[in-house]
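Got a sequence here, can you build the structure:
(2 chains)
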Amino acid sequence: MSGTFLGTPAFPTAARAALEDSQLRRNLAHATATIRTKRGGVVGEVDEWEQLRLAGEAIKNRVLRHLPRYLEQLERSLTAAGATVHWARDAAEANAIVVDIARRHETDEVVKVKSMATQEIELNDALEAAGIHAWETDLAELIVQLGDDLPSHILVPAIHRNRAEIREIFLREMSRAGRPAPADLTDEPKQLAAAARAHLREKFLRAKVAVSGANFAVAETGTLTVVESEGNGRMCLTLPEVLVSVVGIEKVLPTFADLDVMLQLLPRSSTGERMNPYTSTWTGVTPGDGPQEVHVVLLDNGRTDVLADPTGRQALRCIRCSACLNVCPVYERTGGHAYGSVYPGPIGAILTPQLRGVGSDPQTDSLPYASSLCGACFEVCPVRIDIPEVLVHLRSEVVEAHQQASRVPSVQDMAMKAASWTLSSSARTGAAEKAAGWGGRLAARIGRTAPGGRNVLGAIPGGPAGAWSDSRDVPVPAAESFRQWWERTDGGHRDDGGAGNANGNDGGNGDRR
Amino acid sequence: MPRVGLMVTCLNDALFPDTGKAVVTLLRRLGVEVEFPAAQTCCGQPMVNTGYVADAVPLVRNHLDAFAGCDAIIAPSGSCAGSVRHQHGMVAERSGDPGLVRGVENAPPTYELTEYLVDVLGTTDVGAYFPHRVTYHPTCHSLRMLGVGDRPARLLRAVRGLTLLDLPGDAECCGFGGTFAVKNAETSIAMGNDKARHVRETGAEVLVAGDNSCLMHIGGLLSRQRSGVRVMHLAEILASTEPVITGRAERAADPTSVGSATPEAGTAPREQETVR
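Numbering: from 1, shown residues only, chains lettered A, B, ... in the order given. Next up, the predicted model:
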């Protein structure tokens, strides 16, 4: 696994690798089930949880409705507090700004607070290319970075790894990046944490420049916020001389009071805690305390395009809690890498195609289909993003993009057209059902009888039928459709006569009285 | 008397007609005169969920025409009832046809079967008899899109002779998901296999749900595994009644008999090759 998602195959193919990795599936099932249970417990304690969700949704909607106004206010507040504000249209601009700041301070290394925005723009690669080492200090990010791996979860990027694997990575790789792991390291969590602590402490004390993201940026006061569990972020935010924060433009909140709602929603949804252990807030520069040079890079990178779509824009409400990943049955089986993006799971399936642009490549276009539309994600989302609605919306965009790009209709296009034509008339539907019934009677001769007396077919080679029947028996169409039965018996008022059963393929006929 | 239209759903029409017959039997027993508007076809959900919203427009139009004049629509499917309630508006909106938008707005209310029984008829005991160990899978669209809650469980608990067994991880999706089952077949099967395993863990003879689509998927896996567990739509269980004593030998001999299962025929697992 290299340090980039570029070249990840489309979701169904990428998922196959994960499905075949039984260790990965065990790790994922255990971890997501644990977080799900914790979340359920602490959310259940809050009587007004639904009101909090509505409040969170309303705050973020207000932000999105008046985004330019709040961003300008944020810039004014930050500048007044002694910070320098930069605007970055895309990843390249944002990376260039950070590289430039690091270079001006003549440093060849920066320490990093866990940040999805900097993952999104692949800042570490850009810094590396400029000869600057970027050290991740979040424990899970450190594991991913040392293992030359990719993150597979928003909150727990190394969720796909177990303790034994982490021990191996530490023993093998820590010396390459700094202080080595003790030779007698075991896979006890306490020992693993101690090795990471000793390794990271050197970096905190040495680094001149730190890079962070922000969970929230308050327009009214110019205050940035980072919430975390380990305190490693706070070390980065307070020890170095220079702090650069890369902040997605949707992270802005109107007022400091809005943090009241958000800081109740986020930890409970995210780590399943009532409150996260460390919440850091900083407002520009405080003379003699903390970094004396503070930069904020406000990042667009596709966000204004998302904002332009009335249905899709709700994805910008996301506060990166990852609750949707932890409840998603698809994520639980496939893990994060299959999504080919730093944003995996249900939110990744709607955010990534919007940020990249639907129709840009087959991998991106496979993401809106990487869901069974079960709706569990919407149910847990603390800011009520209707992820299934956006998924369906994006599917129609994918279909349109393909139809515009190619004048030759796809097999799927033709199948849907044909189905629409058949199903928009009851006469045509009835005729198709009759044909299926004949087919069913033929098929029944080669099928077998399932419990309940119904005929089923086993594996059928090739095509969509093959994809279905590879592991599932296929029900044989009924010899007599419901509409035929209704017509023949006048809705059951005339004697049934058991005509359905005469064909040997009608799995029982309800209550015959 | 109110005109109640049965929306049998296209899957039930072609593959599972017994479910439709069971709904008719059940509603008549409860004093509801049910009509089957023959012009109905499909609600359009397969097109919408695959991204072909424009191809769903003629289906929505047909649905509105077919059920015009009904006072209420009942569907034995959480998924299709959910599609009518939550997707038809969007399809009409996108069609740019104000007439279709008005049509959707003025359409008769659509109920999933258990909603109609509990909320409209105000009953949980429908006089059913089904002497079997049963476990219930709350399908995602019933559970989350419609929020039918414990209505199905209340109906099942009132069925005489029925033992309702808790299904571990019941609220988790079975992995059907319409075209998801084909487009992402391997993930779908992985999800379905976990569901099938949970079903087998309960020791139930019958898996019941309010959607034959999900049951087709889970049932297809259970059948391939030769599990001996059969799947049934909730309506078929609610339509089952205590057998009339006369003609009992004839019924017991009928291997396809579902609704009128005698205790003798019913309590023994039907499939001989049961593997546990």
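
Which residue is the nearest non-sequential neighbour of A:P329?
B:C173 (4.7 Å; CB to CB, 6 or more residues apart in numbering or on different chains). The C-beta positions use only the backbone N, C-alpha and C, and glycine is treated the same way.

Please enumerate the strands of the chain.
The chain I'm using is chain A. A:84-88, A:109-112, A:133-136, A:209-212, A:216-218, A:223-228, A:242-248, A:252-253, A:278-283, A:293-299, A:448-449, A:455-457, A:474-475 (DSSP state E).

if you could check chain B rather than the one you did, that'd help
Using DSSP E, strands in chain B cover B:4-6, B:34-35, B:72-75, B:110-112, B:133-136, B:163-165, B:206-209, B:230-233.

do you know which of those strands lies nearest chain A?
Across these, the minimum distance to chain A, taken as CB to the nearest CB, is reached by strand B:230-233, at 3.6 Å.

Is that closest one in proximity to chain A?
Yes: in terms of CB under 8 Å from any CB of the partner chain, part of strand B:230-233 sits within range of chain A, namely B:230-232.

Would you convert these into JSON lines that also reports pLDDT, neighbour count and distance to A:R197?
As requested, the residues of strand B:230-233 next to chain A are arranged in JSON lines below (pLDDT from 0 to 100; neighbours: other CB atoms under 10 Å in any protein chain shown; distance: CB to CB, whole Å):
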{"residue": "B:R230", "pLDDT": "96", "neighbour count": "25", "distance to A:R197": "57"}
{"residue": "B:V231", "pLDDT": "97", "neighbour count": "25", "distance to A:R197": "54"}
{"residue": "B:M232", "pLDDT": "98", "neighbour count": "28", "distance to A:R197": "58"}
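
Please compute how far stretch B:198-217 lies from its chain's middle.
12 Å (CA atoms, centre = their mean, to the nearest Å).

So in the chain, where's the weakest helix or strand by average pLDDT?
Just so you know, I chose chain A. helix A:499-502 (a mean of 43; mean pLDDT, DSSP states H and E).

any idea which of the residues of strand B:230-233 next to chain A is closest to A:L243?
B:V231 (59.3 Å; CB to CB).

For the closest one, which non-adjacent residue is spatially closest?
Distance criterion CB to CB, 6+ apart; nearest residue to B:V231, sequence neighbours excluded, is B:G219 at 3.7 Å.

Kindly report the same for B:R28.
According to CB to CB, 6+ apart, the nearest residue to B:R28 is B:V34 (6.8 Å).

beta partners of that neighbour?
In this entry, B:V34 is beta-bridged to B:V4, by DSSP bridges.

what's it in contact with, if anything?
Contact analysis of B:V34 by CB atoms under 8 Å, 6 or more residues apart in numbering or on different chains lists A:491, B:4-6, B:23-24, B:27-28, B:74.

Distance-wise, check it relative to A:A349.
For B:V34, the distance to A:A349 equals 40 Å [CB to CB, to the nearest Å].

Please apply the same query to A:Q403.
Relative to A:A349, and taking CB to CB, A:Q403 is found at 21 Å.

looking only at pLDDT, what's the mean for the longest helix anywhere in chain A?
The longest helix of chain A (DSSP state H) is helix A:22-44. On average, the pLDDT along helix A:22-44 is 94.

tell me, how many neighbours does the closest residue to chain B within the stretch 251-400 of chain A end up with?
Relative to chain B, the nearest point of the stretch 251-400 of chain A is A:S372 (2.9 Å; CB to the nearest CB). A:S372 has 26 neighbours, counted by other CB atoms under 10 Å in any protein chain shown.

show me the contacts for it.
A:329-330, B:140, B:173, B:175-177, B:180, B:188, B:191.
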